[in-house]
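Visitor: My questions concern the predicted model and sequence given below.
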Amino acid sequence: MRPGRLNLITDVAGLRVGHAGDGALKSGVTVLTAEAPFAAGVHVMGGAPGTRDTDLLAPDKLVQAVDALVLAGGSAFGLGACDGVMAGLRAAGRGFAVGPARVPIVPGAILFDLLNGGDKDWADSPYPALGRRAFEAAGVRFALGSAGAGTGALTAQWKGGLGSASAILSDGTTVGALVAVNALGSVSAPSGQFWAAPWELGSEFGGLGLNGPFRADDEPAAQKRLGEATTIAIVATDATLDKAGLTRMATAAHDGLARAIVPSHSPHDGDLVFAVSTAARPVADAFALSHAAACVLARAVARAVFSATPAPGDLQPCWSNDQGRDPAAPPPRPARAEGSPGDDQR
């Protein structure tokens, strides 16, 4: 397994990602779309999800493809971002055909960031407009960290954020992940090292490996109130999978959340994974595909927190900020060595 050229979910050819965020609001929206409709599945393991149109993704339901997927902040208000994305798709002539009418299919999921220090005293919800902006900004390159749906995300210890990663398997299949990390649990041990360290490729989130005071029994103490959480993600592949196969891939990918966030899938998180196929190549090894989805998602979680940047009014420090890390922990290395995957993503 090796990272793709950009080490982003858009290494799966045909996919595009767009962000829109508001620094004063400390919230935002991330949209995944493509030039043509794509098959999607979903699996929910958190006890407090917030979703829209996810029932359509069940294998026995009529609609076989979607036009976009939305990850948004704002709790239930954020589901309105799907309206803005639908408006953009409608303007582009996209949507499920019902006679002369077209209905864009835009499932979405949200995280809770209403109490993160941002200004939430709006008269009209900002999320439909953010959704439209994110859709219109979609491209193959996009920012990580404090961007899009990860703008105001928090974890138990550090600022959360938006992460992505990719992998190319030995048979040429590409797998990618996109995640907004706003977990009740922690993504790192008290030493500061990421729980996802065993799956890091190169130095994509610091290259700290498993050196230093890292113990499997380290227990982070949650500092967020119950309900202020949720990690929402998308895994994608160019292998041809139907909705049943994608549901299985999404289920397996949850292992990546469990590896990278401790604890995960709590009664107070709405942890959810969408899975997407562009159907560009046949499936050669379903076992390897599911394993890759979990590994890539674990890496994307760590990259989200590793890439977070400080902003005025933050309630938590960034992982990369030395004053927020254990002084006994080894200092973080550069995010990427020269020539490593992802050098050209920004």
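Guide: Noted; the coordinates are in hand.
Visitor: For burial, what's the neighbour tally of residue 101?
Guide: 8 (other C-beta atoms under 10 Å). Every residue, glycine included, has its C-beta placed from N, CA and C.
Visitor: Just give the closest residue to it, not the sequence neighbours.
Guide: residue 95 (8.0 Å; C-beta to C-beta, 6 or more residues apart in numbering).
Visitor: What count of nearby residues applies to that neighbour?
Guide: The tally of other residues near residue 95 (other C-beta under 10 Å) stands at 17.
Visitor: contacting residues for it?
Guide: By C-beta atoms under 8 Å, 6 or more residues apart in numbering, the residues touching residue 95 are 67, 89, 101, 102, 103, 104, 105.
Visitor: Let's see the pLDDT reported for it.
Guide: For residue 95, the model assigns a pLDDT of 93.
Visitor: Equivalent analysis for residue 320, please.
Guide: On pLDDT, residue 320 comes in at 86.
Visitor: Dump the longest helix belonging to the chain to CSV, restricted to CA.
Guide: Ranked by residue count under DSSP state H, the longest helix found in the chain is helix 286-306. Coordinates of each C-alpha in helix 286-306 appear next as CSV, following Å, rounded to 0.1, in the frame of the first residue of the first chain:
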residue,chain,number,x,y,z
ALA,A,286,-12.6,-7.4,-1.6
PHE,A,287,-10.7,-8.4,1.6
ALA,A,288,-7.8,-6.0,0.7
LEU,A,289,-10.3,-3.3,-0.2
SER,A,290,-12.0,-3.3,3.2
HIS,A,291,-8.7,-3.4,5.1
ALA,A,292,-7.4,-0.5,3.0
ALA,A,293,-10.5,1.6,3.8
ALA,A,294,-9.9,1.2,7.5
CYS,A,295,-6.2,2.0,7.3
VAL,A,296,-6.8,5.1,5.1
LEU,A,297,-9.5,6.4,7.4
ALA,A,298,-7.3,6.0,10.5
ARG,A,299,-4.6,8.0,8.7
ALA,A,300,-7.1,10.7,7.6
VAL,A,301,-8.2,11.2,11.2
ALA,A,302,-4.7,11.8,12.4
ARG,A,303,-4.0,14.2,9.5
ALA,A,304,-7.1,16.2,10.4
VAL,A,305,-5.8,17.0,13.9
PHE,A,306,-2.2,17.3,12.8
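Visitor: Summarise which helices and strands that helix is packed against.
Guide: Secondary-structure packing of helix 286-306 (3 or more C-beta pairs under 8 Å, 6 or more residues apart in numbering; DSSP states H and E): strand 161-168, strand 174-181, strand 232-239, helix 243-260.
Visitor: So which of these is the most surrounded?
Guide: Mean neighbour count (mean count of other C-beta atoms under 10 Å) peaks for strand 174-181 among the helices and strands packed on helix 286-306, with a mean of 32.
Visitor: packing partners for that one?
Guide: Counting contacts by 3+ C-beta pairs under 8 Å, 6+ apart, strand 174-181 is packed against strand 27-44, strand 161-168, strand 232-239, helix 286-306.
Visitor: Can you lay out these as TSV showing distance to residue 20 and mean pLDDT?
Guide: Output for those, formatted as TSV (distance: least, C-beta to C-beta, whole Å; pLDDT from 0 to 100):
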stretch	distance to residue 20	mean pLDDT
strand 27-44	5	97
strand 161-168	12	98
strand 232-239	16	97
helix 286-306	17	95
